[in-house]
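Trainee: This is a predicted model, with the sequence first.
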Amino acid sequence: MIKKYGIYSGSLLVVLLFSGLLIGCKSGSNKATKEEATVDIPKENTAVYEDIKQAERIFNALPSPLESAMLIKSAGARFDDKLLNPIGNTNTYVTNKSMALNLGIYTCDLSFASLYEQTQLIIDYMNAAKKMADGLGILKAIEQSTIDRLEENINNSEVIMEIVSETFMNSSSYLQDNGQPAIASMVLVGGWFEGLYISTQLVDMKDFNGNKLVGRIIDQKLSIGILLNLLESSKGNPAVDEIIVQVNRLKAVFDKISITTSRIRPEYDKSSNTTVLKSEVKTDMTPEVFKELSTVVADIRNTFVK
Amino acid sequence: MRIIKIIPILALFLIATNVNVDAQCKAFAKKICLPELGGYIHDGNYHAAILVEGEEAELYKTFYSDMEYRVAICGEEKLPGVEFTVLDANKNVLYSNKSANFARTWDFKLQSSQQLKVIVKVTSLSKSGDTPASGCVAIMFGFKTKK
């Protein structure tokens, strides 16, 4: 459909030009290129897509720190506080890049501590995350009242997870709404790397084959493209460009792992009102590739926390 | 010259308006869409945008076999229906809310972890020449570990 709008005066033209300029600057990183989307749709589904043209906005959604921590716990991993980024490091983070990455890292550590009910660590890591958010100028992401609420509910894991989720959303929405997509991306990247770092460090090589945590680590290959697309949308930002180089190093290792999936068959389960997406997957990661992956992840993570 | 003088004023006005619109979008996401996740834990990620009738947004995300998920996709009241479709990596359609009376939520779990694509489209009811409606559309994910 072609939209036509009349323009009646020079002033209005200026307004429209500025609106376009501002909106373009603000959401450019997420705006799709003006190419026609080529989507091959099976014949039975063509009706659903008959009028697909292009997407106005593209979201590359990495697992949040809370989801990453939940994946580690659900794989049956143990808690090890030595793997967390020490809170004493907070004073060393003075650049926007280091504060953004470590906001993600501390939020992942906070989530990890929350899921394992490490009460004192929960408070400590919420304070560390607050320090990073404050340093980045994120207003009202984590207020003193949030810390107080956390302390009051320290034995209520449901409320704690709600608070962690809410504070993370406050930070990411603030950054996005205030035209700081590069910082928002780096926060997500920090959280994702921390989850991957903790996972790789917790794998017991004596129990490599059939290890559920190894399976979750292999799954992260599915997110590497999303991660790169997220960063590419802020390409040109020197801090982001440095991270892209590091992620490409990691991608080279993930490329050695194969994941083959059968066609997904959606099956609706009436009793639970849930659709089960059935498929079989074959993966292949040797212990050697895993060791290489662990080393690369630890190297990159160490550059983030140093 | 007069136009040049008003440019900075207009720029400031538009920046303020834009930030305000985004803040409204966040409030909408929190107040209206978040409760749609019900008993699922919100992952904490924020995906929301102002869309105009007929416009689309796409989202790419990996979903894991250990989890049960709920996706909630909500559009402001002033918008006509919001349609969403979930596709796999080979662009096969796995779900469309069009066949579920434009339901706001979809619950699903996976036998194996997959990267999926969610396409969100604001349907269009405006006739040619009408000003199309615009409003906030929020996409939120909740999860819980499999029972």
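Mentor: Received, thanks. Numbering: from 1, shown residues only, chains lettered A, B, ... in the order given.

Trainee: in chain B, which spans are strands?
Mentor: With strands called from DSSP state E, chain B shows them at B:41-42, B:47-52, B:56-63, B:67-75, B:82-87, B:93-96, B:105-110, B:114-122, B:134-145.

Trainee: got it, and the stretch 1-150 of chain A?
Mentor: A:57-61 (DSSP state E, counting those that start in this stretch).

Trainee: Just the pLDDT for the nearest residue to A:E67 once chain neighbours are set aside.
Mentor: Once flanking residues are discounted, A:E67 sits nearest to B:D43: 4.7 Å by CB to CB, 6 or more residues apart in numbering or on different chains. Where you see a C-beta, it was placed from the backbone N, CA and C, and this is true even at glycine. Note for B:D43: predicted pLDDT of 96.

Trainee: Confirm for me that B:D43 is in contact with B:A72.
Mentor: No - assessed by CB atoms under 8 Å, B:D43 is found out of contact with B:A72, at 11.4 Å.

Trainee: what does the stretch 101-250 of chain A have sitting close to chain B?
Mentor: Within the stretch 101-250 of chain A, the positions near chain B by CB under 8 Å from any CB of the partner chain are A:107, A:161-162, A:164-169, A:172-173, A:176-178, A:188, A:212, A:216, A:219-220, A:222-223, A:225-226, A:229.

Trainee: Give me the buried subset of those.
Mentor: Buried subset of those (neighbour count, 16 or more other CB atoms under 10 Å in any protein chain shown): A:107, A:161-162, A:164-169, A:172-173, A:176-178, A:188, A:216, A:219-220, A:222-223, A:225-226.

Trainee: Just these: which are in helices?
Mentor: A:107, A:161-162, A:164-169, A:172-173, A:176-177, A:188, A:216, A:219, A:222-223, A:225-226 (DSSP state H).

Trainee: Where does pLDDT dip in chain A?
Mentor: Low-confidence segments of chain A (pLDDT under 70): A:1-54.

Trainee: switch to 90 and redo it
Mentor: Filtered on pLDDT under 90, chain A yields the residue ranges A:1-56, A:139-142, A:176-177, A:210.

Trainee: If you count neighbours, what's buried in stretch B:102-121?
Mentor: Neighbour counts over stretch B:102-121 (16+ other CB under 10 Å) mark B:102, B:104-121 as buried.

Trainee: In this structure B:A89 contacts B:F63, no?
Mentor: No - checked against CB under 8 Å, the pair B:A89 and B:F63 is beyond contact range at 11.6 Å.

Trainee: anything in contact with each of these two?
Mentor: B:Q114, B:Q115, B:L116 (CB atoms under 8 Å, 6 or more residues apart in numbering or on different chains).

Trainee: From chain B, how far out is A:D284?
Mentor: For A:D284, the distance to chain B (CB to the nearest CB, to the nearest Å) stands at 14 Å.

Trainee: and what of A:T200?
Mentor: 17 Å.

Trainee: And for A:N155?
Mentor: For A:N155 relative to chain B (CB to the nearest CB), the value is 18 Å.

Trainee: Give me the phi and psi for that residue.
Mentor: The phi/psi pair for A:N155 (degrees, to the nearest 10) reads phi -100, psi 10.

Trainee: residues near it, how many?
Mentor: Residues near A:N155, counting by other CB atoms under 10 Å in any protein chain shown, number 9.

Trainee: contacting residues for the closest residue to A:N229 other than its chain neighbours?
Mentor: Nearest non-adjacent residue to A:N229, counting by CB to CB, 6+ apart: A:N60, 4.6 Å away. Counting by CB under 8 Å, 6+ apart, A:N60 makes contact with A:I226, A:L227, A:N229, A:L230, A:S233, B:L59, B:Y60.

Trainee: just A:N153 next, same as before
Mentor: By CB under 8 Å, 6+ apart, the contact list for A:N153 reads A:V159, A:I160, A:I163.

Trainee: repeat that for 6 Å
Mentor: Contacts here follow CB atoms under 6 Å, 6 or more residues apart in numbering or on different chains; on that basis A:N153 touches A:V159.

Trainee: Could you check how far it is from A:I163?
Mentor: 8 Å (CB to CB, to the nearest Å).

Trainee: shared neighbours, the two?
Mentor: With CB under 6 Å, 6+ apart, A:N153 and A:I163 have no common neighbours.
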